[in-house]
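using only what follows, build the 3D model:
(2 chains, ligands or ions: 1)
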Amino acid sequence: MSEKGKRPPRVKDVQQGVWTPDAIAEIRYKAQLGKHRIRGCGTPRKLPHFDDLVVLPSQLTRMSIDTYREHCETQTVLGARFAKKPLVIETPIMISGMSYGALSKEAKIALARATDIIGTSINNGEGGLLPEERENSYKQVVQILPSRMGFTLRNIEAADALEIIVGIGAKPGLSGHLMASKITKEIAAFRQLPEGIDLHSHPRHGDIFGADDLCLKMDELRDVTNSEIPIFLKLAAGRVWEDVKIAVKAGVDGIVIDGAEGGTGAAPVVASNHLGIPTLPALVQATRALEDMGVKEEVSLIVSGGIKDGADVAKALALGADAVALGTGAMIAMGCTVCLRCHEGKCAFGIGTQDPEQRKKLNIEKAAQQVANYIRGMTYEAVILAKAAGKTKLKSMEREDLRALTLEACAMTGIPLMGSNYTFGEMFGFC
Amino acid sequence: MVRLDLVEMTSREVNQQLKKLIGTEPDIDIYNPHSIHNFATALIGDGKVTVHGSTGFYTGGFLEGPSLIIEGNTGWYTGDNMMAGEIIVQMNTGSNAAPSMVGGNLVIRGNSGSRAGWGMKGGNLVVCGDVGRWTGKMTLGGRIVVLGRIGEGAGESMYNGVIHTLDPGVEEKLGGNVRLIPIEDPEKKELEALFKQYDIAQGVDDFMSIVPAVYGRHDYSLFEPTHTPKSSLPKSQARG
Ligand SMILES: Cc1cc2nc3c(=O)[nH]c(=O)nc-3n(C[C@H](O)[C@H](O)[C@H](O)COP(=O)(O)O)c2cc1C
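Below you'll find the model as predicted:
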């Protein structure tokens, strides 16, 4: 600037290009500490999302269903491929695995109670099954993680479904991180860890070294469970098409796909921001893989990662999901503000903390009711869209009910661009 | 005594049979095991099962109570998530023995592969021969005893638990985040009792123990340059 008294603009004043305030902050962090940053909540990056699709309403080509007076079935059956007792929930919205450790005991109990109010399932997450969670939950999914902390035959006996976890969207290829601030005496005892350690679990299972072993492991688990309960497998979204096929071959009853926008209690920022693909294209690939194998009706498909409202649910179902799972959304319903500091363990709302003082701030009853309300409200929204699209069952949503708002979404999903019946890229049922 | 011939049975059928027999038949003898996988999965109750031959992967997974004796070898993941009871393998096992074991005793008279006792949480794993790399990786509890040689990376990132070893070269083969200390007296007594129980002729005085190095923080490095920076060399050697 030549004008007198005005200083010339500096790089930091230019809010675009490579050197954004974020990029500068990250460089300063590394320059000071010589290591990568760990943070909670998953990636803040803007990624392609279900909002890039719209639902086509019924008009003359089909009749719409009365929003307020006619019924639309929401009950959802998952894992009926081989299990004698599939998981039956009242809405296709589940609560995903969030560990006791990342979350406070109060938050876990509140989430469990919410599932009982609304009739859905909770998932214990890493680090063992809290007895209070099981006592309060409607349907209990128990995770089998590489770390196996707190995992015994008793957990399996308490489960309505099992979930072998291979990865999560927020840090695929990496393992559970639980920072020292959350490893209190109680958590340490529960997980058999030394108090105050920074935990970095292992990403591979000590008893599953590859896909062949997974087939045998599935047989073992069928023996253990007498084939009664469903066994799901959770995958972070990467090479979805191939991974899903391997999981189907291994004999799972259902597959959980966690997209790159998925939440976490703590993960390296570089992993959340740069590993894996978003939920939307991941779901399309998963559906395509199941259809290729002719098992779409047999193998349940559950998606998670950035699911926030009933529109996401309706669209996910239309794209082939049988259910969705919520992490961050359920936390927000309890009061979380997505401050990205879950890893610090100081959560002022008593959710992502083990601090006895902070924990007192969460009113379990109120939080449980809020989560239940949130899931009820989401289900209402999904039902509104489904009925408007002429469905008497939520699960009847189909890809023909969708159109893409952007060229990008059209290419990624194979759903025709709005105002047209044509698509490009891989076809996904349209021509 | 009951005799089961596995020649034409699947592991599912075998396990269903065993579940019916265990607790009522004190002695079950298994013939023609043809290295069957998933043998004796989640077998709960009291009784002795003797296998005249070898079994495959995941032998005795989630076992809770019985005594399982394998006269031959076993595959990978023997004693997977084992809860209680005992497994005695008279010969060798594949890798990853006793992964995430919760309790009970797994005694291997021969050698075991790499990663024995991975993520173990309780119980005793005794290997009378040698073990491969990364023994006791990330254990959360329990005791591993190795009478023969131990491979590299021993005890990598153990959180809790102990590995007792006689390997004279162990110091060079320790994994990260562990340290080597002499065996303590109460541990010697426990080892003596264990050896007596399984007729293992071995003194206990010379054992060393691998234990977690630091309670409270593990140290990792994701980048290990091999050069020596000029700035750390004495001035006379620094060039350029
Ligand atoms: C606080 C927190 C803890 C989590 N802990 C686990 C866990 O223990 N095991 C797991 O499989 N996923 C874990 N996740 C990931 C969730 O299961 C789920 O995949 C993810 O939250 C879905 O994305 P969303 O948060 O956008 O809904 C955690 C997520 C959060 C937010």
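
from chain A, which residue is nearest to the ligand?
A:Gly327 (2.1 Å; CB to the nearest ligand atom). C-beta coordinates here come from the backbone N, C-alpha and C atoms, glycine included.

now do the helices in chain B.
B:11-21, B:185-197 (DSSP state H).

just list what the last one packs against, helices and strands only.
I take that to be helix B:185-197. When contacts are defined as 3 or more CB pairs under 8 Å, 6 or more residues apart in numbering or on different chains; DSSP states H and E, helix B:185-197 packs onto strand B:140-146, strand B:160-165.

close to chain A, is the longest one?
Same thing as strand B:140-146. Yes - in terms of CB under 8 Å from any CB of the partner chain, part of strand B:140-146 sits within range of chain A, namely B:140-141.

so what does that strand touch, helix or strand wise?
Contact here means 3+ CB pairs under 8 Å, 6+ apart; on that basis strand B:140-146 packs against strand B:124-127, strand B:160-165, helix B:185-197.

most tightly surrounded among those?
Most buried of these, by mean neighbour count (mean count of other CB atoms under 10 Å in any protein chain shown): strand B:124-127, with a mean of 27.

show me what that one is packed against.
Secondary elements touching strand B:124-127 (3+ CB pairs under 8 Å, 6+ apart): strand B:105-108, strand B:140-146.

which residues touch the shortest one?
Translated: strand B:105-108. Residues from elsewhere that reach strand B:105-108 (CB atoms under 8 Å, 6 or more residues apart in numbering or on different chains): B:60, B:78-79, B:82, B:85-89, B:92-93, B:97-98, B:123-129, B:194, B:197-198, B:200.

sheet-wise, list the partners of it with their directions.
strand B:84-89 (parallel), strand B:124-127 (parallel) (DSSP bridges).

adding mean pLDDT and distance to B:Asp205, write those out as JSON lines.
Output for the strands paired with strand B:105-108, formatted as JSON lines (pLDDT from 0 to 100; distance: least, CB to CB, whole Å):
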{"stretch": "strand B:84-89", "mean pLDDT": "98", "distance to B:Asp205": "25"}
{"stretch": "strand B:124-127", "mean pLDDT": "98", "distance to B:Asp205": "17"}
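
out of the ones you listed, which is closest to B:Trp134?
Nearest to B:Trp134, of all these, is strand B:124-127, at 13.7 Å by CB to CB.

mind listing the strands in chain B by residue range?
B:2-5, B:27-31, B:48-51, B:64-70, B:84-89, B:105-108, B:124-127, B:140-146, B:160-165, B:178-182, B:208-212 (DSSP state E).

okay, the first one in CSV with CA atoms only?
In this case it means strand B:2-5. The C-alpha coordinates for strand B:2-5 follow below in CSV (Å, rounded to 0.1, in the frame of the first residue of the first chain):
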residue,chain,number,x,y,z
VAL,B,2,-15.5,-91.3,25.9
ARG,B,3,-13.8,-91.7,22.5
LEU,B,4,-14.5,-89.3,19.7
ASP,B,5,-13.2,-89.9,16.2
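
ok, and what's touching it?
B:14, B:17-18, B:21, B:25, B:27-32.

run the last query once more with 7 Å
B:17, B:21, B:25, B:28-32 (CB atoms under 7 Å, 6 or more residues apart in numbering or on different chains).

looking at the strands of chain B, which is nearest to the ligand?
In terms of CB to the nearest ligand atom, the element of the strands of chain B nearest to the ligand is strand B:140-146, at 16.2 Å.

now do that closest one, average pLDDT.
Per-residue pLDDT over strand B:140-146 has a mean of 98.

give me the low-pLDDT residue ranges for chain B?
Low-confidence segments of chain B (pLDDT under 70): B:215-218, B:236-240.

can you pull the residues of it lying near chain A?
B:11-12, B:15, B:37-38, B:41-42, B:57-58, B:61-62, B:64, B:77, B:80, B:83, B:96, B:99-100, B:102, B:115, B:118-119, B:121, B:138, B:140-141, B:159-160, B:212, B:215-218 (CB under 7 Å from any CB of the partner chain).

filter those down to the buried ones and hand me the PyMOL line.
Under the burial definition 16 or more other CB atoms under 10 Å in any protein chain shown, those of these that qualify are selected in PyMOL by:
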select buried, chain B and resi 11+15+37+38+41+42+57+58+61+62+64+77+80+83+96+99+100+102+115+118+119+121+138+140+141+159+160+212+218
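
can you tell me if the helix ranked longest in chain A touches the ligand.
Using DSSP H to define each element, chain A has its longest helix at helix A:364-388. No - Helix A:364-388 lies apart from the ligand when judged by CB under 6 Å from any ligand atom; the minimum separation is 11.9 Å.

same for that helix, what does it pack against?
strand A:93-95, helix A:105-118, helix A:310-318, helix A:328-334 (3 or more CB pairs under 7 Å, 6 or more residues apart in numbering or on different chains; DSSP states H and E).

and for the helix or strand following that helix, what's in contact with it?
Where DSSP states H and E defines the elements, the next helix or strand beyond helix A:364-388 is strand A:402-404. For strand A:402-404, contacts defined as CB under 7 Å, 6+ apart pick out A:52-56, A:315, A:318, A:410, A:413, A:415-418.

of the residues you listed, which belong to strands?
Among those, the members falling in strands (DSSP E) are A:53-55.

quick one: which of these is nearest to chain B?
Nearest to chain B among those: A:Leu53, at 39.1 Å, using CB to the nearest CB.

wait, isn't that closest one in contact with A:Ala409?
Yes - contact criterion CB atoms under 7 Å: A:Leu53 and A:Ala409 qualify, at 6.0 Å.

residues that sit against both of those two, list them.
Joint contacts of A:Leu53 and A:Ala409 (CB under 7 Å, 6+ apart) are A:Ile415.

for the two, indicate the residue with more neighbours.
Each of A:Leu53 and A:Ala409 has its neighbours counted (other CB atoms under 10 Å in any protein chain shown); A:Leu53 has more, 27 against 24.

residues in contact with the more buried one?
A:Leu53 makes contacts with A:315, A:402-405, A:409, A:415, as judged by CB under 7 Å, 6+ apart.

columns distance to A:Ala250 on top of the strands paired with strand B:105-108, output as a markdown table?
Formatted as a markdown table, the strands paired with strand B:105-108 follow (distance: least, CB to CB, whole Å):
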| stretch | distance to A:Ala250 |
| --- | --- |
| strand B:84-89 | 26 |
| strand B:124-127 | 28 |
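
which residue does the stretch 201-350 of chain A bring closest to chain B?
Closest point on the stretch 201-350 of chain A to chain B, by CB to the nearest CB, is A:Gly206, at 3.5 Å.

need the pLDDT of that residue.
Taking A:Gly206 on its own, its pLDDT is 95.

that one reaches B:Asn96, doesn't it?
Yes - between A:Gly206 and B:Asn96 a contact is recorded at 5.8 Å, counting by CB under 7 Å.

tell me, what's touching the two both at once?
B:115, B:118.

surely A:Leu280 meets A:Ala237?
No - with contact defined as CB under 7 Å, A:Leu280 does not reach A:Ala237; the gap is 9.6 Å.

up against the ligand, what does chain A have?
So chain A meets the ligand at A:42, A:96-99, A:102-103, A:125-126, A:143, A:165, A:168-169, A:234, A:258, A:261-265, A:304-307, A:326-329, A:342, A:352 (CB under 6 Å from any ligand atom).

ok, now which ones touch the residue in the stretch 1-150 of chain A that chain B sits nearest to?
Nearest residue of the stretch 1-150 of chain A to chain B, counting by CB to the nearest CB: A:Arg148, 3.9 Å away. Going by CB under 7 Å, 6+ apart, A:Arg148 touches B:100, B:119.
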